[in-house]
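**Student:** structure here, sequence nowhere to be found:
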């Protein structure tokens with residue numbers, strides 16, 4: 001399951017200036033009567049006046065259901081289908097080797113004990129076992145790496161699009177939120193619900209739909225294939241003509257229009 005990475009932004013405060021109180025010299029103190037008042041030096045005429053405080057920007061917090069974005073992002077669906085098909089093909093290869101080993105085992109038992117044929121069959125069985133183990137280990141490593149690279153790429157695309165949609169709506173922060181209810185028949189859903197830091201978010205500040213809409217729009221414009229098991233989601237219910245986008249599907253102001261042959265997905 002997708003686990004996005006948590007980043008921490010550290011802000012440093014710089015010291016702007018330091019003015020010292022200046023009193024009379026030691027010699028002057030011996031000649032003047034102490035009145036209890038100490039003269040204060042004035043800053044040089046060239047010293048700039050402190051800048052006026054900047055008015056705080058109004059804070060608007062948005063919410064997004066990242067799991068829903070993943071499930072409805074066509075690129076994620078296609079990636080899942082591709083990896084599933086490749087892993088099934090690899091499984092078939094392993095099963096073929098396993099069947100060969102089973103047949104060789106049956107031949108081994110039919111040969112006379114200690115005969116040349118039995119020794120040859122035993123060597124073949126050992127070879128098949130080594131091939132199966134090597135293919136299994138390599139497949140596990142290969143698909144783990146492929147899934148990690150796919151998820152990293154898709155996460156960056158979701159994060160970038162979230163940033164642009166939020167900016168267009170004047171949002172200061174976007175937090176993860178899900179309204180999926182916990183059910184007793186699904187223990188994992190209960191654990192997930194209990195671990196949420198937010199229990200409610202106003203639907204008016206939810207940007208999940210916008211992020212899904214624009215991710216799929218850019219993906220389709222870049223020539224990405226549609227999922228085989230699901231028709232591509234069209235937020236406006238209208239199929240755009242080539243090179244055109246219906247008003248309801250116009251890309252946000254922040255992302256640039258797609259260029260031919262490559263997706264234009266915002267990055268952080």
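**Tutor:** Sure, I can see it. The shown structure was predicted, so the numbers you read here are calculated from the model rather than taken from an experiment.
**Student:** tell me which residues touch residue 189, please.
**Tutor:** Contacts for residue 189 (C-beta atoms under 8 Å, 6 or more residues apart in numbering) come out as 180-183. (Each C-beta comes from the backbone N, C-alpha and C, glycine too.)
**Student:** measure it to residue 118 for me?
**Tutor:** Going from residue 189 to residue 118 by C-beta to C-beta, to the nearest Å gives 56 Å.
**Student:** which two among the contacts of residue 189 are spaced furthest apart?
**Tutor:** Maximum pairwise distance among those (C-beta to C-beta): 9.2 Å, between 180 and 183.
**Student:** what helix or strand does residue 210 sit in?
**Tutor:** helix 208-221 (DSSP states H and E).
**Student:** number of nearby residues for the nearest residue in space to residue 77 that is not next to it in sequence?
**Tutor:** For residue 77, ignoring the flanking residues on the chain, the nearest one in space by C-beta to C-beta, 6 or more residues apart in numbering is residue 227 at 3.9 Å. Per other C-beta atoms under 10 Å, the neighbour tally for residue 227 reads 18.
**Student:** residue 227 and residue 75 touch, don't they?
**Tutor:** No: assessed by C-beta atoms under 8 Å, residue 227 is found out of contact with residue 75, at 9.1 Å.
**Student:** tell me the angle the host helix or strand of residue 132 makes with helix 208-221.
**Tutor:** Assigned by DSSP H and E, residue 132 falls within helix 116-168. For helix 116-168 against helix 208-221, the angle by axes from the mean of the first three to the mean of the last three C-alpha atoms, to 10 degrees is 120 degrees.
**Student:** so the nearest residue to residue 81 once chain neighbours are set aside: helix, strand or coil?
**Tutor:** For residue 81, ignoring the flanking residues on the chain, the nearest one in space by C-beta to C-beta, 6+ apart is residue 228 at 5.8 Å. Assigned with DSSP: H, G, I helix; E, B strand; the rest coil, residue 228 falls in the coil class.
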